[in-house]
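1. Return a 3D structure for these sequence lines:
(one chain, ligands or ions: 3)
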Amino acid sequence: MINIEHLIRDLNLIRKQSPLIHNITNYVVMNNTANALLAIGASPVMAHSVDEVEEMVSIASSLVINIGTLDAAWVEAMLIAGKKALQKSTPVVFDPVGAGATIYRSKVCKLIIEECKPSIIRGNASEIIALLNTEAQTKGVDSTNTSDAALNSAKALASLTNSVVVISGESDYITNGTVVETVKNGHPMMEKVTGMGCTATSIVAAFAAVNNNQLEAATHAMSVMSIAGEIAAAISKGNGSLQVNFLDTLFNIDEDMIRKNIRQ
Ligand SMILES: Nc1ncnc2c1ncn2[C@@H]1O[C@H](COP(=O)(O)OP(=O)(O)OP(=O)(O)O)[C@@H](O)[C@H]1O
Ligand SMILES: Cc1ncsc1CCO
Ligand SMILES: [Mg+2]
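-> Ligands and ions are numbered 1, 2, ... in the order given. Okay, here's the model as predicted:
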């Protein structure tokens with residue numbers, strides 16, 4: 001059950017504290033993600049050089065590791081930053097973009113989960129299934145499974161890795177292996193904006209920065225994402241205007257909009 005009072009409290013904390021969110025993310029989504037973090041009230045920084053990630057993550061309130069456009073140097077930086085964050089008990093939110101599409105991605109996912117012990121893993125259904133079942137093949141970065149089909153994998157992955165696992169999709173599921181929270185808001189057009197999932201991951205990191213309860217934080221973030229996406233989609237003619245309307249909605253979202261639109 002989503003606790004609306006706690007959700008509003010966390011949203012207000014993000015706007016008050018403007019936590020620094022260190023993103024090691026992909027070229028496709030950097031700009032969108034940074035703008036979404038600004039819209040919600042957080043402070044984004046994108047940094048992936050091995051020469052600075054340790055220093056950067058040391059001053060950040062949470063770290064996003066997103067493997068969307070990987071190469072060897074990035075992996076090295078992800079591991080340095082992730083291990084430093086772990087050492088400092090800074091939340092690490094992992095986005096396994098395209099897990100299962102190539103052997104390289106699957107290997108890197110395993111390495112990051114083992115070495116950096118993310119507190120939250122957020123992926124689409126196919127990615128979450130592939131993280132648990134290394135035989136499962138995915139098509140690329142888009143899901144070919146429903147979130148319902150991935151729920152058992154998410155629970156098992158959460159228990160195995162001692163993390164909170166988020167599956168995004170028509171319904172979002174957020175689980176620590178035992179409790180499952182469900183977010184029912186959202187709109188199918190959100191799938192047609194590249195990096196909406198990556199944005200969700202960064203918004204999760206913003207909430208994780210102000211709420212130590214990672215299950216609650218991830219649930220609040222996915223609720224705000226889905227409510228904003230749904231409101232924005234209602235006034236958008238396609239994925240171009242949805243991107244812009246989504247940012248504007250996130251910028252303006254408040255208690256009234258949340259209470260009026262949330263579907264429990
Ligand atoms: N069919 C749908 N109905 C409602 N909301 C949806 C639907 N599909 C996705 N969403 C919402 O869109 C956002 C992105 O989720 P999605 O599962 O598309 O991520 P993704 O596949 O990782 O995206 P990307 O790789 O492009 O970043 C989430 O907030 C999710 O709730
Ligand atoms: C399309 C795409 N390719 C690599 S990352 C990315 C952004 C959405 O995941
Ligand atoms: Mg994704």
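2. For ligand 3, what's its nearest residue on the protein.
-> Residue of the chain nearest ligand 3, by C-beta to the ion: residue 197 (3.3 Å). All C-beta spots, glycine's among them, are computed from the backbone N, C-alpha and C.
3. Determine whether the claim that that residue is in a helix is correct.
-> Yes: checked against DSSP: H, G, I helix; E, B strand; the rest coil, residue 197 lies within a helix.
4. What is the burial count for it?
-> Residue 197 has 26 neighbours, counted by other C-beta atoms under 10 Å.
5. Wait, it touches residue 122, no?
-> Yes: between residue 197 and residue 122 there is a contact under C-beta atoms under 8 Å: 7.3 Å.
6. Mutual contacts of these two, please.
-> Shared contacts of residue 197 and residue 122 (C-beta atoms under 8 Å, 6 or more residues apart in numbering): 95, 168.
7. How much space separates residue 187 from residue 260?
-> 16 Å (C-beta to C-beta, to the nearest Å).
8. between these two, which one's more packed in?
-> In terms of neighbours (other C-beta under 10 Å), residue 187 is the more surrounded of residue 187 and residue 260; the figures are 18 against 9.
9. how about that one, what does it touch?
-> Residue 187 makes contact with 229, 230, 232, 233, 234, according to C-beta under 8 Å, 6+ apart.
10. from those, which is closest to ligand 2?
-> Ligand 2 has its nearest neighbour among these in residue 229, at 15.4 Å by C-beta to the nearest ligand atom.
11. okay, now the closest one: neighbour count?
-> Neighbours of residue 229 (other C-beta under 10 Å): 26.
12. Check residue 73 too.
-> 11.
13. Please identify the buried residues of the helix or strand containing residue 7?
-> Element membership for residue 7, per DSSP states H and E: helix 4-17. Buried residues in helix 4-17, counted by 16 or more other C-beta atoms under 10 Å: 7, 10, 11, 13, 14.
14. What parts of the stretch 101-250 of the chain come near ligand 3?
-> residue 197 (C-beta under 5 Å from the ion).
15. Show me what from the stretch 101-250 of the chain comes close to ligand 2.
-> With C-beta under 6 Å from any ligand atom as the criterion, the stretch 101-250 of the chain comes near ligand 2 at residues 141, 194, 195, 198.
16. wait, what's in contact with the residue of the chain closest to ligand 3?
-> 95, 97, 122, 123, 124, 168.
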